[in-house]
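1. no sequence for this one, just the structure:
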């Protein structure tokens, strides 16, 4: 399992550039599973990860994972920053707050995802830093000095990914989640083609900050229950906040999970704008295909699935394998909207 950023991140430890003997408490922000995690002994490492697929991989390997920790005083904080700069800077500010004086902060990023910027930002925040390049990535590390730490900058950066109103106050969102400050055009196209006849119990797979779900609730009065599936807990928390006004009249459940592992209930309808990437790797058509299979398995016979995708993504074969009727109902702006109905034929996953 290749993960160049992870492999670069631990180089200062493996090379002896950072004192490691006697290090008892390590925090790993945006932790990811890798065979080299055997470097850490039981009870030494706290993994913080709000993305369900990575959380699941870590837990399956026996690591304890939290979405966000409130502990402080760590001997070392490891960081694999998010790709969005505001979120990445906020993560560095958190690292500065959670590591003890004299403790170490170590961060790494691919060269194509802001490695130089990472080094610049760490130097601005912490003062003197060391760095090493390998695997087309860069690792940057520093020993926390209270005298060199730029405390006003730390306070400023700590607020950068805080939830805030967007789009004239219509929504609450935050940097670091997909399309955080706008309505994604694919989701908007799907929303424009959702009928007001949806009814009963439904689900939104990959709900983001709740745009599609709110469209369903506003447009289809016969919907009684809506389950919100989202792999990124930061997004799910926002969706629940954005839909709070409907909680008195509708049954809403937030489900922090990896949709590709299956759904928790059976539904009358499902809507989705499936992702085609995980952990920053684009082009993962298998993720969207697994969303389609999960939707098919999670629908009642006769249940309907509405999805949107980039026009070029090859989902039609998977849809025809898992649904009885498949129809493209829109093709605009590089996106396609598909309506699929689950049938009862045996042997075809229907």
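-> Everything's here; your move. Computed from a prediction, not measured in an experiment: that's the story for all the values here.

2. Low-confidence ranges, this structure, go.
-> 1, 277-284, 345-350 (pLDDT under 70).

3. Pick out the residue closest to the middle of it.
-> In the chain, the residue lying closest to the centroid (Cα atoms, centre = their mean) is residue 232, at 3.5 Å.

4. Ends of stretch 19-33, what's the gap?
-> Start to finish, the residues bounding stretch 19-33 are 23 Å apart (Cα to Cα, to the nearest Å).

5. if we can go back for a sec, gap between the nearest residue to the residue nearest to the centre of the chain once chain neighbours are set aside and residue 66?
-> If the residues on either side of it in the chain are set aside, residue 232 comes closest to residue 51, at 5.4 Å by Cβ to Cβ, 6 or more residues apart in numbering. C-beta: built from backbone N, CA, C; applies to glycine. The spacing between residue 51 and residue 66, counted by Cβ to Cβ, to the nearest Å, is 13 Å.

6. what does stretch 11-30 rub up against?
-> With contact meaning Cβ atoms under 8 Å, 6 or more residues apart in numbering, stretch 11-30 is reached by 39-40, 44-49, 51, 54, 69, 71, 73-82, 91, 94-95, 98-99, 104, 106, 130, 132, 134, 139, 141.

7. quick revisit: residues in contact with the residue nearest to residue 232?
-> 30, 231, 232, 233, 279 are the contacts of residue 51 under Cβ under 8 Å, 6+ apart.

8. how about CSV for those, with distance to residue 246 and secondary structure added?
-> Shown next, in CSV, are these (distance: Cβ to Cβ, whole Å; DSSP: H, G, I helix; E, B strand; the rest coil):
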residue, distance to residue 246, secondary structure
30, 32, coil
231, 22, coil
232, 21, strand
233, 20, helix
279, 32, coil
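
9. can you name the two of the residues you listed that are farthest apart?
-> Across the contacts of residue 51, no pair lies farther apart than 233 and 279, at 15.3 Å, counting by Cβ to Cβ.

10. picking that back up, would you agree the residue nearest to the centre of the chain is in contact with residue 52?
-> Yes: with contact defined as Cβ atoms under 8 Å, residue 232 reaches residue 52; the gap is 7.5 Å.

11. returning to that earlier point: for the contacts of residue 51, could you give me CSV that also reports distance to residue 16?
-> As requested, these are exported to CSV (distance: Cβ to Cβ, whole Å):
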residue, distance to residue 16
30, 25
231, 37
232, 36
233, 36
279, 29
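
12. Most neighbours among those, which one?
-> Most neighbours among the contacts of residue 51, by other Cβ atoms under 10 Å: residue 231, with 25 neighbours.

13. Which residue comes closest to that one once chain neighbours are left out?
-> residue 52 (4.2 Å).

14. what ranges do the helices span in the stretch 101-250 of the chain?
-> Along the stretch 101-250 of the chain, the stretches classed as helices by DSSP state H, counting those that start in this stretch are 115-126, 151-158, 185-192, 211-219, 233-242.

15. Any idea which of these gets closest to residue 339?
-> helix 185-192 (10.2 Å).

16. tell me which residues of the closest one are tucked away?
-> Neighbour-count burial for helix 185-192, with 16 or more other Cβ atoms under 10 Å as criterion, is recorded at 186, 187, 188, 189, 190, 191.

17. Report the contact partners of the closest residue to residue 214 other than its chain neighbours.
-> Spatially, and ignoring its direct neighbours in sequence, residue 214 is nearest to residue 243 (6.0 Å; Cβ to Cβ, 6+ apart). If you count contacts by Cβ under 8 Å, 6+ apart, residue 243 has them with 210, 213, 214, 217, 228, 252.

18. Tell me how many other residues surround the third one.
-> If I follow you right, that is residue 214. Neighbourhood size, residue 214 [other Cβ under 10 Å]: 21.

19. Please apply the same query to the first one.
-> For residue 210, the count of nearby residues is 28 (other Cβ under 10 Å).

20. The fourth one too?
-> With neighbours defined by other Cβ under 10 Å, the count for residue 217 comes to 20.

21. My guess is it contacts residue 226. True?
-> Yes: Residue 217 is within contact range of residue 226, at 6.5 Å (criterion: Cβ under 8 Å).

22. Need the overlap of contacts for those two.
-> With Cβ under 8 Å, 6+ apart as the test, residue 217 and residue 226 both reach residue 250.

23. which residues touch residue 100?
-> Residue 100 neighbours (Cβ under 8 Å, 6+ apart): 72, 73, 74, 75, 144.

24. so who does the last one touch?
-> Put plainly, it is residue 144. So, once contact is read as Cβ under 8 Å, 6+ apart, residue 144 ends up touching 96, 99, 100, 101, 102, 103, 104, 105, 126.

25. Emit the PyMOL select command for whichever of those residues are buried.
-> Burial among the contacts of residue 144 is assessed by 16+ other Cβ under 10 Å; the matching PyMOL selection reads:
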select buried, resi 96+99+103+104+105+126
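
26. which one among the contacts of residue 144 gets closest to residue 296?
-> residue 105 (45.5 Å).

27. Hmm, that closest one is touching residue 99, no?
-> Yes: using Cβ under 8 Å, residue 105 and residue 99 qualify as a contacting pair, with a distance of 5.6 Å.

28. Mind listing the shared neighbours of those two?
-> Listed as contacting both residue 105 and residue 99 by Cβ under 8 Å, 6+ apart are 76, 77, 144.
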